[in-house]
Structure formats: C-alpha cells, structure tokens
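**Q** 3D model of this:
(4 chains)
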There are 2 protein chains.
Amino acid sequence: MDNKASITIHDIARELNISASTVSRALNDNPRISKATKDKIKAKALEMGYQPNTIASNLRNQKTNTIGIVVPLINRHFFSAFISGVEDVAFASGYNVIISQSNDLLEKEKQIVHSLFSNRVDGLIASLSMQTNEFDHYQLFSKKHIPIVFFDRVVPELEAHKIVVDDFMVGFKATEHLIKQGYKRIAHLAGPTVLHTYRDRMAGYRAALEKYNVNIDDNLIIHGRLTRIEGQEAIKTLLALPQPPDAAFCGNDTSALAMMVYLKKVGIRIPEDFGLIGFSNEPFSEVVTPSISTLEQPAFEMGVKAAELLIQEIESKVRLEEHVTITMPTELIQRESSSRNK
Amino acid sequence: MDNKASITIHDIARELNISASTVSRALNDNPRISKATKDKIKAKALEMGYQPNTIASNLRNQKTNTIGIVVPLINRHFFSAFISGVEDVAFASGYNVIISQSNDLLEKEKQIVHSLFSNRVDGLIASLSMQTNEFDHYQLFSKKHIPIVFFDRVVPELEAHKIVVDDFMVGFKATEHLIKQGYKRIAHLAGPTVLHTYRDRMAGYRAALEKYNVNIDDNLIIHGRLTRIEGQEAIKTLLALPQPPDAAFCGNDTSALAMMVYLKKVGIRIPEDFGLIGFSNEPFSEVVTPSISTLEQPAFEMGVKAAELLIQEIESKVRLEEHVTITMPTELIQRESSSRNK
DNA sequence: ACTTTTTGCGCAATCGATTGCATCTTTCTG
DNA sequence: CAGAAAGATGCAATCGATTGCGCAAAAAGT
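**A** As a prediction, the model looks like this:
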C-alpha cells in the first residue's frame, strides 16, 4: 500500500506549519523546544509513521553507531561465542554490529577492512586471518584514530588494544598437567609459528618441560593447521617414531579429538596408555568418550571485554595514549582423557 | 598523524582544478569522462589516499548494500553456520551484513527490526524468536516493499519468502527409521507446539506410526524446550512409565545427548535396548559414543539460499507477487545410536 | 515605561556523493 | 565554412537530519 517514499522531518514540518529544525530538535528532546510543541510533533510523527533515517543522521553526525567485526570464520564456536558477547554489549550501548569473515584469506581481510572503513564504522574488532603477515590495511583506522581492538590472533607490532589469553600459561599449564599425571614423553601439536599465539604456547610447553627436567625432543613437536585431517596425520607420524610419545598437548580440541579417534581405533587406551589435552573447550569435548581435557577460552567474556573497551574508547573524548592489553584467564578443565592419577 | 578530516572528492577536484562531478564520474568509470582524465583522477585519488564515504553514497542512492539478519542467538551452530552462508553470498555480491540477536525475546526482536529499518538495510533475513506471536514490526518492511526472507522458525501467516526444512518429513523419516530398526514403542520429545516447526514434526511422527500400524500413545510425547536439563527430565519421566518406550525421536541433538548420557548412566544399552535419533546434526553428535543418529539441517546452504533469494529480490526491478517458499531437503544420518539392524 | 534576559523557533549551511541538465569544445558533414 | 553531432566537463540540486546563528516575542528586571 504505502508505496510512497519515506516520510521525513520535512513532511512533519509541513503538516504542522513549522520548520524542520524544530521537528528535529523536538524529536531529539532538545530543551530549546517547548513541551507543548514537542508533544504536538511527537504525536504527529507517530501518526504519520515517521521512521528516522539513520543514514542521513550518520552522515551529518560523522558517527554511525556501528562497530565492525572481522573474524576468520563466523561458524566456529569460539568466534560465534565471542561475537555474541560483543553484540550483547553493543546492543545495550546502542551500537549495531557489522560482521565479516575473512575465511583466513589475507586478500579478503583487506577488502573487508576497507569496506568497513568506507562504511565509517566507529570502531573495529578484529582477529587476524591465518595468512595475515602485513597490517597496512589497519592503518586506515589508526591514522584516523578510529579505535581498534584485536583479539585472539594478535601480533605485538600492532599498536592497538588487545584481548588475549595468556598463551604462555596455556602451554605451561597444559604441559605441567600432563607431567603431573605421570606422562613422560609429551608431544605438542602446534599451529603455525608465524602466529604469536602458537609461539607463546610452545614457549609455555618448553618452559614446563624444563621446569620438571623433562628432555625436550623436537621430534615431538609438529606444526600444522590443527584440522582434523592434520591431527590424524600428526598422531600417525608420532606413533611411528622410534620413541613415540605417551601424551600430547594439542593446539585445539579438534585436533585432540582427531588424535583420540585414531588412538581408539588402533587400540591405544586413553588415558592409561596415552594422555590428551586440547584447547578452547569446544562443546563436543565434554561429551565425547573419553571426554577431552582442555583449557577454557572464555570466548563470550572476551567479546564482552572487547566491546566494552572499544565503546569506551569511542566515546571518550581523549584518546588513550597507551594501548591496553587485557589478558583473560584460562582455566584448565581436567577430564577423562588425561586423568591417569585420580 | 593524519588527523585532518577525510579527503573527499571535492579535495581531489580542487587539487586538479576540476569539478567534483567529474571526479565522481571518473571514479565510477562513467563513460562520459575521457580516459585521460580518469587516469589522472584515479592516480590522484590513490596518491591522496582517498577512501569513499559509503554513508554519503548510500544516502544519495537510497541504497545501503547492506542486509540485516535477525537470529535468536548467534552462538549456536545452526545459526552461525547459516549466517556464514549468508555472509559468503552477500560478500560476493557486494553486500554487508548487519547481525543482531533477539535472545529469543520479542521486545528485543522488535527493537532490532526497527533499528535495522532505520539503518535502511536493503533486505532482511530473520528467524523468529521463541516468544514471537505478533508480526507488526515486520510490516515496516513489507509496506515499503523491502524484501524479507524468513527461515527456520516461520509462521504461515507471514507474507514473505521462506526457507524451511520439511519438518513433516523430518518427523516422518526419523520415526520410520526407528520403526524399521525394530523399535516398538517410540517416544517423541517435542518442542513447543506454538511453533509450526514442531507441530509439523509431530505430525510426521504420528503419520509414520500410523503408516506402520504402531499404536500412538500420547504418554510417549513430551513437550519442552529441548534443553539438556529437560532432555534428562524427559527420559526419567519416560522410563518411569508403566510401559516405557524403547526408542526416542528427540527434537534436537542436545536433548538426544542428554537422554543418552542418562541412559548410559543407568545401564541401558544403546542401541540394543534403546534407540535414539536427534535432529540437526550438531558437530558433537558425530563424535560422541555412541554416535547419535540425526537428520542434517543444511544450515550453511540455507543461508546461501536465503541470501541468493533476498539479493535477487532486492536487485530485480519488479517485485515478485507471490512469495516463494524454499524447502530444503534433510538427510537422515544413521549412526550408532539407532543402528540395531546392521 | 524601557531595557535586559529568557524562551521559542526559523534560516541556511553542512555532511559527501550523485546526476539531470546545461555549456563549451571538437570533429565531422555536406 | 556554416551547422550539426559528438565529446568532455561543470552547475547546482538532491538525499534527510543536524546545528550555529539570528530574530522576534514574551518575561523579567529596574
């Protein structure tokens, strides 16, 4: 029915024989407008079914009340939980959220970042793609002092706020746990070392071994993309070693699961013969048999923190000079796959 | 450093002593501008680090190249996979995606829909909240002929495009499968009947029983919100029946898992003593022991279809008169939890 | 009664990109 | 070589909301 163009404040103004400025001010509860006029205008706006045009407002105000999110893949528990946390806070503060996924491709990430910039988001929350090794595209934002918060995959070179987990402690705690459970040769399935996350975790792994005087054997360290396939390949490789490991700390739960499935298939008992611990507490790790020990990565809370930090920065007049880094605690969740001592 | 305001086409025009219109046309490859001028302008734009202001463009063009998505909760496998599918198609077609979650609250859903409208999204993709029993807020869109695609939770009253799975067939196939596996008393854990989805599924369940001349016992049908807790309560209730069931078709994998955990605990063997089938093929259902039979809900593909349909509608001059409903196939995935005949 | 303040509202510019309608050159045609 | 046609670019309005400044009327102060 209502095919005509939207009604604007000018339409309301014309109907009421007043100026558009007054309508605008009335709708924004500007004190310069009398109560009587305000009421009249608001009533008319309602009657005419007026809906503000946020685009126009954004253009004029140089503010979009929108924050952009860049993640490698929406459809992964950690990221979707994180996004959920961001959205919660954003909504409560009157912000919209534009989400894009990089599919772990640098080129797509670049495009997305440009697009979000052109859409004039007020701030950006991003996790780097696995390929990302240059950061010029983020300078669009930093040069204009548009706040950015990086999370999960971050690099030290980046001058921006960061939300991370203590990856060193992750590696340390996971490894220490396996040691304390009596495992002697502990393998580590690590992600690509270009990412600091994985470097730190491996450092924690090494530190724990050293602390407990366990010999470090580089043959027990395998790098990969932590997929199911690669997890399976890794465990095959490890078992074929002259001195195979009796436990593994995997970079994520997915690869730990892959190992578990294979170990069960070849008749190696978990946790008796082989101990496993993963990372990030995917929903499945609790319900598989045996359940997989892991470290909880508080995704939702990280999203909340990221959004709070970003919005605070957006709305503060003065831009913080130093960049804050929030390190989130990760909790070790001991389950069956590593519970040799009970 | 670069603290000054953004450079606009006017800045470029000034530098080159030409008009802004020419710059605009050049950057848009308008044939009315000579190659020489275009090259000069593009070079200058690059040199000055020009970034188009999409907001201004959107306002003028009355088009935002943005589509809005409303889901109950981002952080759920089905929805995040769906969104991922939408985002893929949207990005490829030059659209941004604004995502909001209703948290299954009608009031929040209303706010979101208004906000997306004010942001002038070119189209909307939505799944109703569990509470939603009125639809006036969507009329904002339909009245202005802004296309909407509903998915998953839909109602027949809605005059819009829909992407759904064939819920009747889901119920039918799941139940038929259990019957063919030799189970005799098949329970059904159903969702709230206000939602058509669940009504249809139950109808399918009943139809299958009838077709195979299995007596329908209403005591075996339990309604709930399909959470883990309620799944556990349900199986307790069912087992306490004078004539307990020997199989169950659960409304989702989560509740099926809850049943499984309880059944294992009390020593009832799956699938020998009790058959289980869930719905939606959550990632965990494949990896638990025993693995859970289920029906695949092609979330990602549904997102793809939804986006394709919406974008096609947005970009077609003529608005389709009839509303299309795309019914996606669901495939039964037989796993251990229901494989008595092998 | 006259100045000063306060109150209420309108004018017109602005945000940045787009586009219909000129205008001014060239180039071509007969 | 006049006049038409084609080619290249500029002017100014437009999208809808916001806001600094100004003006008039009403209220307050002397």
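**Q** Okay, domains of chain A per the record?
**A** What automatic domain parsing lists as the domains of chain A is A:9-52, A:64-164+A:299-328, A:167-297+A:332-338.
**Q** Any residue of the last one touching chain B?
**A** Yes. Using Cβ under 8 Å from any Cβ of the partner chain, domain A:167-297+A:332-338 reaches chain B at A:L257, A:V261, A:E282, A:P283, A:F284, A:V287, A:V288, A:T289. To be clear about C-beta, it is placed using only N, CA and C from the backbone, and glycine gets the same treatment.
**Q** follow-up on the earlier one: of all the domains of chain A, which one is nearest DNA strand D?
**A** The closest of the domains of chain A to DNA strand D is domain A:9-52. By Cβ to the nearest atom of the strand, the value is 2.9 Å.
**Q** Just confirm yes or no for the closest one near DNA strand D.
**A** Yes. Domain A:9-52 lies within reach of DNA strand D by Cβ under 7 Å from any atom of the strand, at A:I9, A:H10, A:A20, A:S21, A:S24, A:R25, A:L27, A:N28, A:Y50, A:P52.
**Q** Around DNA strand D, which positions in chain A sit nearby?
**A** Remark: the part of chain A in contact with DNA strand D comprises A:5-6, A:8-10, A:20-21, A:24-25, A:27-28, A:50, A:52-53, A:56-57, A:59-61, using Cβ under 7 Å from any atom of the strand.
**Q** and with 6 Å instead?
**A** Selection of chain A residues close to DNA strand D by Cβ under 6 Å from any atom of the strand yields A:5-6, A:8-9, A:20-21, A:24-25, A:27-28, A:52-53, A:56-57, A:59-61.
**Q** one step back: narrow the residues of domain A:167-297+A:332-338 next to chain B to just the buried residues.
**A** Buried by 16 or more other Cβ atoms under 10 Å in any protein chain shown: A:L257, A:E282, A:P283, A:F284, A:V287, A:V288, out of the residues of domain A:167-297+A:332-338 next to chain B.
**Q** roughly how far apart are the closest residue to A:L220 other than its chain neighbours and A:L178?
**A** Nearest non-adjacent residue to A:L220, counting by Cβ to Cβ, 6 or more residues apart in numbering or on different chains: A:A187, 4.1 Å away. According to Cβ to Cβ, to the nearest Å, A:A187 and A:L178 sit 10 Å apart.
**Q** and what of A:L310?
**A** 37 Å.
**Q** go on, A:N215?
**A** In this view, A:N215 and A:L178 are 14 Å apart by Cβ to Cβ.
**Q** and what of A:E313?
**A** A:E313 is 40 Å from A:L178, by Cβ to Cβ.
**Q** Inside helices: which ones of the residues of chain A next to DNA strand D?
**A** A:I9, A:A20, A:S21, A:S24, A:R25, A:L27, A:A56, A:S57, A:L59, A:R60, A:N61 (DSSP state H).
**Q** Read off the pLDDT value for the fifth one.
**A** What the model reports for A:R25 is a pLDDT of 95.
**Q** rewinding a little: from the ones in helices among the residues of chain A next to DNA strand D, list just the buried residues.
**A** Looks like those have A:I9, A:S24, A:R25, A:L27, A:A56, A:S57, A:L59 buried, using 16+ other Cβ under 10 Å.
**Q** The third one and A:R32 touch, don't they?
**A** When you say that, I think you mean A:R25. Yes. A:R25 lies in contact with A:R32 (Cβ atoms under 8 Å); the separation is 6.1 Å.
**Q** what about the closest residue to A:T8 other than its chain neighbours, how many neighbours?
**A** Nearest in space to A:T8, with sequence neighbours left out and distances taken as Cβ to Cβ, 6+ apart, is A:N53 at 6.9 Å. Neighbour count for A:N53, taken as other Cβ atoms under 10 Å in any protein chain shown: 19.
**Q** show me what contacts A:N53?
**A** A:S6, A:T8, B:L59, B:S118, B:R120 (Cβ atoms under 8 Å, 6 or more residues apart in numbering or on different chains).
**Q** and with 10 Å instead?
**A** The neighbours of A:N53, taking Cβ atoms under 10 Å, 6 or more residues apart in numbering or on different chains as the test, are A:S6, A:I7, A:T8, A:I9, A:L59, B:L59, B:Q62, B:F117, B:S118, B:N119, B:R120.
**Q** Quick one: those residues as CSV, columns for pLDDT too.
**A** Converted to CSV, the contacts of A:N53 look like this (pLDDT from 0 to 100):
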residue, pLDDT
A:S6, 85
A:I7, 92
A:T8, 95
A:I9, 95
A:L59, 96
B:L59, 96
B:Q62, 95
B:F117, 96
B:S118, 96
B:N119, 96
B:R120, 96
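**Q** and which of those is nearest to B:N219?
**A** Nearest to B:N219 among these is B:F117, at 46.7 Å by Cβ to Cβ.
**Q** rewinding a little: so A:N215 and A:L178 - more neighbours on which side?
**A** Between A:N215 and A:L178, counted using other Cβ under 10 Å, the more crowded position is A:L178 (30 against 9).
**Q** Just confirm that one is within a helix.
**A** Yes. Per DSSP: H, G, I helix; E, B strand; the rest coil, A:L178 lies within a helix segment.
**Q** shouldn't it be in contact with A:G278?
**A** No. Contact criterion Cβ atoms under 10 Å: A:L178 and A:G278 do not qualify, at 11.7 Å.
**Q** Common neighbours of those two, please.
**A** Both A:L178 and A:G278 are in contact with A:A248, A:F249, A:S293, A:S338, where contact means Cβ under 10 Å, 6+ apart.
**Q** Could you export those residues as TSV, including pLDDT, secondary structure and neighbour count?
**A** Formatted as TSV, the shared contacts of A:L178 and A:G278 follow (pLDDT from 0 to 100; DSSP: H, G, I helix; E, B strand; the rest coil; neighbours: other Cβ atoms under 10 Å in any protein chain shown):
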residue	pLDDT	secondary structure	neighbour count
A:A248	97	strand	31
A:F249	98	strand	33
A:S293	97	strand	28
A:S338	97	helix	31
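**Q** now, which of those residues sits nearest A:L124?
**A** Nearest to A:L124, judged by Cβ to Cβ, of those is A:F249 at 32.8 Å.
**Q** residues touching that closest one, list them.
**A** Shown in contact with A:F249 (Cβ under 10 Å, 6+ apart): A:170-171, A:173-175, A:177-178, A:183, A:186-190, A:201-202, A:204-205, A:208, A:220, A:256, A:275-279, A:293, A:295, A:338.
**Q** Give me the subset of those lying in strands.
**A** Using DSSP state E, the subset of these located in strands is A:I186, A:A187, A:H188, A:L189, A:A190, A:G275, A:L276, A:I277, A:L295.
**Q** Lowest-confidence one in those?
**A** Across the set of those, A:A190 stands lowest in pLDDT, at 94.
**Q** how near is the residue of the stretch 151-300 of chain A found nearest DNA strand C to A:N53?
**A** Using Cβ to the nearest atom of the strand, A:A160 is the residue of the stretch 151-300 of chain A that sits closest to DNA strand C, at 23.7 Å. According to Cβ to Cβ, A:A160 stands 32 Å off from A:N53.
**Q** so the host helix or strand of A:K42 versus helix A:20-27, what angle?
**A** A:K42 is part of helix A:35-48, with elements assigned from DSSP states H and E. Comparing the axes of helix A:35-48 and helix A:20-27 via axes from the mean of the first three to the mean of the last three Cα atoms, to 10 degrees yields an angle of 90 degrees.
**Q** Nice, that's everything, thank you.
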